[in-house]
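# Here is a sequence with its predicted model. Questions after.
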Amino acid sequence: MGWDAFGLPAEQYAIKTGQHPRVTTEKNIDRFRTQLQSLGFSYDWSREVSTTDPEYFRWTQWIFLQLYNSWLNPLTNRAEPISTYAGNDPDSVRLAFVSDRPVNWCPELGTVLANEEVVDGRSEVGGFPVERRPMRQWMLRITAYSERLISDLDGLDWPDSIKQLQRNWIGRSEGAEVRFQIEGSDAEVTVFTTRPDTLFGATYIVLAPEHALVGDLTSPEQREAVNAYKKSCSSKSDLERTVLAKEKTGVYLGSSAINPVNGEKIPVWIADYVLTGYGTGAIMAVPAHDERDHDFAVTFNLPIIEVVRSADPSRTQNQANVQTCFSGEGIAVNSPLLEGLPTSEAKKKIILWLEERGFGRGTITYKLRDWLFSRQRYWGEPFPIVWEDGTHRPLSHEELPVEPPEMQDFKPTGTSEPPLSKATEWVRYSETARRELNTMPQWAGSCWYYLRYCDPSNKDRFISKEAESYWMGSGGKPGGVDLYVGGTEHAVLHLLYARFWHKVLFDLGHLTTPEPFQKLVNQGMILGDDGQKMSKSRGNVVNPDEVVSEYGADALRLYEMFMGPLEHGKPWSMTGVEGVYRFLARVWRLAMTEDQEGNWVVSDDLAEQELTGTQRRVLHATIKKVTQDIESLAFNTAISQMMICTNEFTGANPRPIGALRILLPLLSPFAPHLCEEIWSRLAGRFPNSGFMGLASQSSWPNWNEEYLVVDEITYAVQINGKVRGHLTVATSADRMNIEKSALADTSVQALLEGKEVKKVIVVPSRLVNIVVAD
RNA sequence: GGCGGUGUAGUCCAACGGCAGAGACAAGCGACUUAAAAUCGCUCCAGUGUGGGUUCGAGUCCCACCACCGCUACCA
């Protein structure tokens, strides 16, 4: 069990209640722990960790230093110590680096947020507006791993949907960079496009408002308008720039670019529909074949030139005019070099042409951005970094952990200065050096907890070699953790970050697998009884404590597993809980009965007694199904089978006690409290019948296939796929015999009257299908 | 708009391409009880979202559409 207890929610709660986050965090952990323990989960509490424990975050900080002190060598495509970097600007390649870039600043929370924490221009926590603001921040160079983060998904046993989410998030796209000379200037603009085949249809260039060349390319007469536009963009939130922006906006810069393929002069604009962080922050606009460019061209009355025609003739009609936009693939037209070529070939040809002449090159870009890794908060891991003379340097491993200072007032300062700036004593590292004031985001500690579980109290390493190879070693599979059960909400955040860190640690030789999690299963969300997400405002929240006190932990556990498939979201139903509660009561009464004083005693119906054939078959079928269903996480059907088994024995008198010796261990993972209670009572009453120790620790029962066979099997007899009768034959009957018996059956004979039997299909143990023609 | 998932009795859900029902909830009837609760037993209920296709045979595979849920979204 691990407590991911640093971070915004914990700090917000502390501020709200006016307590120190350490206090509220500890309280909440204690309460949570009690709650979990009341459910009887089999966590190994000796491996409990908390990300806020200095002995834990010592290693979080250590891992940060690993990142800081390494780079991704493009030749090996591996992280290596920064000492192997031969260039003169190590900070430009470090995996942890400082950057002055526009970030998502949330004034309400007083902190910056990662892209992933901003939803529709608002903070994921609290839903406050977020604005763009340039600030000096720590970043992690996750983009260096884009390609490996995509390709290594192939070896993982994850649901396709999650793999797809990660692929989309990383957003690999192949295309080309094309360089446009600016008329009457040495300057050139490089654009990124996935459709270099449409180069002849480019009718203008658009730069992001924040593009570095905007100033240089603005003509004197346009300067005022351009500055005004830039200003209006910078004050807009992402929400206003994207979701709320119905009309395209932009301003002409007053200069022209020269299209390298045909020497045409085309105007250069800025517009906020071009994003600064993606590709080169500049595009060539092809309004005939891109919806966004088309909208823009229509708004500003810019020319539209068709250069791709759909191969589908029904669309060609629409293409006769350029009022509509066709963004699909087709045949190149109006493009001298590419005339008549299908899109994929046109792309190849034009890229080659551009590369030969030095006008551009084929390239790949990713949507994935570097990971903004600093927060202006108190309640997080401090960076093991100090600043001196305007440069940063790492602390040594001996100086870890760097603990946050004791502070009474840890609220945001209201400016971009982090709260730690108020701890002046702490900030002062030496005469000349000051500590880094930012703290790490919540994701930091949760990126590697699964590694610490393997070796939770190691003082010398984050995980010992031995523990790593024992727990994470995976028999040739790329992933370390055998099974990871989690919700979809972590698909592109936690799971991507953890994979990144894991790969860096793998590259540096600290781990033996390239991936953290081999098999991943998404459990569905439990909804309120109205089928809606549980929330206080809807008033449909089910409190587990109340369920436990009313029906017991076993009923809650059993019901959660009985509701339906693990992966499905499903509504909570109190009557459903009562149903499994009744089942548990039936199991109880298999062994127990009430005496005249109303006390529960071991039932007199129990006896050392041979099982009947049917009982033995049901019991072994139950062992088999429960064993297999647990393996495939199909708990609902495992429980159903145990209900069948229980029902089979409910009416039996005498009841063979051997059945309970098998059923209780099967049920104990689901309803441990009840099973142990019965087990121990039976042990008292039948000391020599094998009820030793704990039910949960007794050996798992084996089933015997021989006991599952029946003497006779009833076949359905179909004629042309419709069931016309039934036929019971000995289990030993072979295919020929079954076919013969089916055809000989009198009712079948009657139906076959005057028809020709073309084929007879016998499905073993199931049915016979007689195919006839009239 | 894009990607993914799910549609089966009144409800939650089962069903290696092989007789649509394992289990449960709810409902009804009966037994037990002075009565009720609890318990036990029995019964009722759908042809699988819609339309095509493949097949001897489709809830299951393929195509299109509809509905709901989740994620994502000016990424050139």
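Okay, I see it.
# Going by C-alpha atoms from here, please, whenever you check contacts or count neighbours.
Noted.
# Can you tell me how far residue A:545 is from RNA strand B?
Plainly put, residue A:545 is 21 Å away from RNA strand B if you go by C-alpha to the nearest atom of the strand, to the nearest Å.
# Equivalent analysis for residue A:127, please.
Distance, residue A:127 to RNA strand B, by C-alpha to the nearest atom of the strand: 13 Å.
# Same question for the residue of the stretch 451-600 of chain A found nearest RNA strand B, what's its three-state structure.
Going by C-alpha to the nearest atom of the strand, RNA strand B is nearest to residue A:579 of the stretch 451-600 of chain A, at 3.6 Å. With DSSP: H, G, I helix; E, B strand; the rest coil as the basis, residue A:579 sits in helix.
# pLDDT value on it, please?
For residue A:579, the model assigns a pLDDT of 91.
# Which one of the residues in the stretch 301-450 of chain A is closest to RNA strand B?
For the stretch 301-450 of chain A, the residue closest to RNA strand B is residue A:367, as judged by C-alpha to the nearest atom of the strand, at 3.8 Å.
# That residue - how many residues pack around it?
Per other C-alpha atoms under 10 Å, the neighbour tally for residue A:367 reads 17.
# Surely it is in contact with residue A:278?
Yes: proximity of residue A:367 to residue A:278 meets the contact threshold set by C-alpha atoms under 8 Å, at 6.4 Å.
# what about the one residue in the stretch 1-150 of chain A that gets nearest to RNA strand B, distance to residue A:648?
At 6.2 Å from RNA strand B, residue A:119 is the closest residue in the stretch 1-150 of chain A, using C-alpha to the nearest atom of the strand. According to C-alpha to C-alpha, to the nearest Å, residue A:119 stands 54 Å off from residue A:648.
# still on that earlier bit, so how far is RNA strand B from the closest residue in space to the residue of the stretch 301-450 of chain A closest to RNA strand B that isn't next to it in sequence?
Spatial nearest neighbour of residue A:367, chain neighbours left out: residue A:171 (4.7 Å); criterion: C-alpha to C-alpha, 6 or more residues apart in numbering. Distance from residue A:171 to RNA strand B, counting by C-alpha to the nearest atom of the strand: 6 Å.
# ditto for residue A:760
Per C-alpha to the nearest atom of the strand, residue A:760 is found 8 Å from RNA strand B.
# does that residue have beta-bridge partners, and which?
residue A:770 (DSSP bridges).
# these two touch, right, it and residue A:769?
Yes: Residue A:760 is in contact with residue A:769 according to C-alpha under 8 Å; the separation is 5.7 Å.
# These two: which is more packed in?
residue A:769 (23 against 18).
# sec struct for the closest residue in space to the more buried one that isn't next to it in sequence, please.
Leaving aside its sequence neighbours, residue A:769 sits nearest to residue A:718 (C-alpha to C-alpha, 6+ apart; 4.5 Å). Of the three states, residue A:718 takes strand under three-state DSSP.
# Could you measure from residue A:718 over to residue A:739?
Counting by C-alpha to C-alpha, the separation of residue A:718 from residue A:739 is 12 Å.
# Which neighbours do these two have in common?
Residues within reach of residue A:718 and of residue A:739 at once, by C-alpha atoms under 8 Å, 6 or more residues apart in numbering, are residue A:768.
# Poorly predicted segments of chain A, please.
A:116, A:120-121, A:235, A:237-245, A:312-323, A:474, A:774 (pLDDT under 70).
# Going by proximity to RNA strand B, name the top residue of it.
Nearest residue of chain A to RNA strand B: residue A:193, at 2.8 Å (C-alpha to the nearest atom of the strand).
# I figured that residue was touching residue A:179, is that so?
No: Residue A:193 is beyond contact range of residue A:179, at 11.1 Å (criterion: C-alpha under 8 Å).
# Those two: which has the busier surroundings?
Each of residue A:193 and residue A:179 has its neighbours counted (other C-alpha under 10 Å); residue A:193 has more, 25 against 21.
# hang on, the earlier thing: would you mind measuring from the residue nearest to residue A:367 to residue A:274?
With distances taken as C-alpha to C-alpha, residue A:171 is found 17 Å from residue A:274.
# Neighbour count for those two, which is higher?
The neighbour count for residue A:171 versus residue A:274, taken as other C-alpha under 10 Å, is higher for residue A:274 (22 against 15).
# Quick one: neighbours of the spatially closest residue to the more buried one that is not a sequence neighbour, just the number.
Distances taken as C-alpha to C-alpha, 6+ apart put residue A:208 closest to residue A:274, at 4.9 Å, once the chain neighbours are dropped. Here the count is done by other C-alpha under 10 Å, and residue A:208 has 24 residues near it.
# Surely residue A:208 touches residue A:279?
No: look at residue A:208 against residue A:279 with C-alpha under 8 Å: they stay out of range, at 10.8 Å.
# Up against RNA strand B, what does the stretch 201-350 of chain A have?
By C-alpha under 7 Å from any atom of the strand, the residues of the stretch 201-350 of chain A that approach RNA strand B are A:208, A:241-243, A:245-248, A:272-276, A:278-285, A:290, A:292.
# from the residues you listed, which ones fall inside strands?
If you go by DSSP state E, those have A:282, A:283, A:284, A:285 in strands.
# Tell me the one of those residues nearest residue A:106?
Nearest to residue A:106, judged by C-alpha to C-alpha, of these is residue A:282 at 26.9 Å.
# near RNA strand B, which residues of the stretch 401-550 of chain A?
Counting by C-alpha under 7 Å from any atom of the strand, the stretch 401-550 of chain A comes close to RNA strand B at A:488, A:489, A:533.
# quick revisit: possible to save the ones in strands among the residues of the stretch 201-350 of chain A next to RNA strand B as a markdown table with distance to residue A:484 and neighbour count?
Below are these laid out as a markdown table (distance: C-alpha to C-alpha, whole Å; neighbours: other C-alpha atoms under 10 Å):
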| residue | distance to residue A:484 | neighbour count |
| --- | --- | --- |
| A:282 | 41 | 27 |
| A:283 | 42 | 24 |
| A:284 | 44 | 28 |
| A:285 | 45 | 26 |
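# Fine by me, we can end here.
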